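K.L.:
Quick one, what's the 3D model for this:
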Amino acid sequence: MTIHSVRSWYIYLFFILVVAACSKEEQAPVPENIIAVTEQSGNTPSAAAVPVSWYQLQFKLIRETPGFTPPVAARALAYTGIALHEAVVWSDRYGHSLSGQLNALNYVPRPERGKQYNWEIAANSALSDIITRLYPTASPANVALINALDSTNRLAAASGCDASVMNRSVDFGKSVAAAIYAWSTTDGGKDGYLNGFPTDYVPPVGPAFWVPTPPAFQRALLPYWGNNRLLVKPRYPETAGIAHPAFSTDTAAAFYKEAYHVYQKVNTLTPEENTIALYWADGGGTFTPPGHLLAITAQLITEQGLSLTKAATLFAQAGISVNDAGIVCWKYKYKYNLLRPITYIRQYIDAAWGPLIVTPPFPSYTSGHASFSGAAGTVLAGFFGNHFSFTDNQKVPEGFAPRAFSNFQQMVDEAAVSRIYGGIHYEFDSEIGARTGEEVGRRVMGLRY
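P.N.:
Model (predicted):
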C-alpha cells in the first residue's frame, strides 16, 4: 500500500463513521476507492478492493479490541481468510474448496447449481459476518464501522445487479461464514481473547525456566494455546521437537555464549539495527506481528492487481500459515519454558542490563516473530516467487521509512533477527522459529485452492 493509499484508507474510515452516524433516510455516495462492478466481474483486479477493505478494518480491530494478542489475532485472520476463500472459490472452475482438506472441516455450503451470483457481494457478506462473530467485544464505534463497510461495499458491488442475485449472494456469503465460524468454535482457541492469562497455570520452577519479567511481571500469556487444533495436519506425526542448547552458567558453555551475544549486541547496536528492532516490534496496541504480515499481503494484492479469487487464495494461505505457526510456536514455548535473556543476563552477566524493547510475558523458545514470519514468508514466496522484490510501507503512518526487500527470505531474516537486536530472544530462538515456521508454510502451500 502506498503512502497515498494509507491516507485514503483513514479518510475512508472517517467517511464510513460519518455515514454510520447519519439517519437511515440519507443516501451516502459511494467512496471513490470502492469500485462498483457488475455481477459477472468478480474476477477483475478491482474486485479485490472488497476483501482488502475488510482486512484494513480488521487491523484496526486487532489494535483496539482487548485480548487480541498475536496468537489470537493470527487465529482471527485465518478464519477470515478461509471464509473469504469458501465464499468465492466456486467462481473459479478450477478452484478447490478447503472442505475435506483442513483439519475437521467437513462441510461448507455450496452455491445452487444453475443460479447466478455476484461474487463480490458474497465475499463482502461472508467477511462482514465472520468478522462480526470473531470480534464480539469490538467497541460500539467499531461495530458501526463494520456495519457501514458492509453497506457501502454492497452498494458499490450491486450496480446493475438484479435484486434476486444480490439477495442470493448475500445469503450464500452469510451461510459460508456461519459454517466456518461454527467449525472454528471447536479448535480450542475460541475464547482466547477473554482469558489470556489463566490463573490456573503454574509454570515449572528451576534455574532454566521462565519467570515473569520486568517491568510488568505479568503471568504467562496463553499457556495452553499450543494444544489448539492445527488447521493443516502434519503429513507425519510431530517429533518431540528441537531442543535448545543445554542451560548452563559456565562461561565456556554454548548457552552462556548465546546470552552474552544478546547482551553485547544490544549494547553495541548500529542505528540501522536499532531501527530494525523498533520497526518489527509490533507490540501491544499494534496490529501485531501476524497483522503486520497480513498487511503486507494486502498491500501486495493491491499493488499487483490480483483478482478476487487470487486475493482470496492468498489471504487464506497467509492466514492459515500464521495461525498454525502460532500454535506450533506456543507448543514449544510451554514445552521448554525457557527463561528470557533479561532474566539470565541480569543474574549471570550484568544486573543493571535492560533490553531495547519490553520483553513479552511468555517463555523465550521459540520466537513468535520468527515463526510467524517464516510461515507467511514461505507462503508469499510460493505465491509471488523466490525473487520477488517489494517494499513494506505498513509502518509509514508510525513515522518509519518504507523498508525494501529483494525477496521474502530477506524479510523473514530481518524480522527474526530484530528480536535479538531488541534484546528479548536468543539467536537460536529465532533460527528454529523461522525453520518451524517455514515447515508450516510448506504444509499450507501443499493444499489445493
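
K.L.:
all strands for the chain, in order.
P.N.:
Assigned by DSSP state E, the strands in the chain fall at 390-392, 403-405.

K.L.:
got a markdown table for the ones you listed, with mean neighbour count and distance to residue 418 too?
P.N.:
From N, CA and C alone the C-beta is placed, and that goes for glycine too. Formatted as a markdown table, these follow (neighbours: other CB atoms under 10 Å; distance: least, CB to CB, whole Å):
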| stretch | mean neighbour count | distance to residue 418 |
| --- | --- | --- |
| strand 390-392 | 19 | 13 |
| strand 403-405 | 16 | 11 |
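
K.L.:
ok, residue 325 - contacts?
P.N.:
Taking CB atoms under 8 Å, 6 or more residues apart in numbering as the criterion, residue 325 is in contact with 74, 371, 372, 374, 375, 376, 436, 437, 440, 441.

K.L.:
who wins for proximity to residue 304 among the strands of the chain?
P.N.:
strand 390-392 (9.3 Å; CB to CB).

K.L.:
between the contacts of residue 325, which is nearest residue 202?
P.N.:
Out of those, the member with the shortest distance to residue 202 (by CB to CB) is residue 371, at 25.1 Å.

K.L.:
Hmm, the closest one is touching residue 327, no?
P.N.:
No: Residue 371 lies out of contact with residue 327 (CB atoms under 8 Å); the separation is 9.6 Å.

K.L.:
ok, the two, which is more surrounded?
P.N.:
Using other CB atoms under 10 Å, the more surrounded residue of residue 371 and residue 327 is residue 371, with 37 against 24.

K.L.:
That one and residue 445: what is the separation?
P.N.:
16 Å (CB to CB, to the nearest Å).

K.L.:
same thing with residue 349?
P.N.:
42 Å.

K.L.:
Ok, residue 313 next?
P.N.:
When residue 313 is compared with residue 445 (using CB to CB), they lie 11 Å apart.

K.L.:
If you count surrounding residues, which of the two has more?
P.N.:
Counting neighbours by other CB under 10 Å for residue 313 and for residue 445 shows that residue 313 has the greater number, 22 against 17.

K.L.:
which residue packs closest to that one, ignoring adjacent ones?
P.N.:
residue 449 (4.5 Å; CB to CB, 6 or more residues apart in numbering).

K.L.:
low pLDDT regions in the stretch 201-350 of the chain?
P.N.:
237-241 (pLDDT under 70).

K.L.:
for the residue nearest to residue 313, what are its contacts?
P.N.:
Counting by CB under 8 Å, 6+ apart, the residues that residue 449 touches are 85, 89, 95, 96, 98, 313, 316, 317.

K.L.:
And the pLDDT for residue 117?
P.N.:
Confidence at residue 117, expressed as pLDDT, is 98.

K.L.:
same thing with the one 5 residues further on?
P.N.:
Note on residue 122: pLDDT of 98.

K.L.:
Quick one: neighbours of it, just the number.
P.N.:
Neighbour tally, residue 122, other CB under 10 Å: 31.

K.L.:
Isn't it up against residue 174?
P.N.:
No: counting by CB under 8 Å, residue 122 stays clear of residue 174, with 9.0 Å between them.
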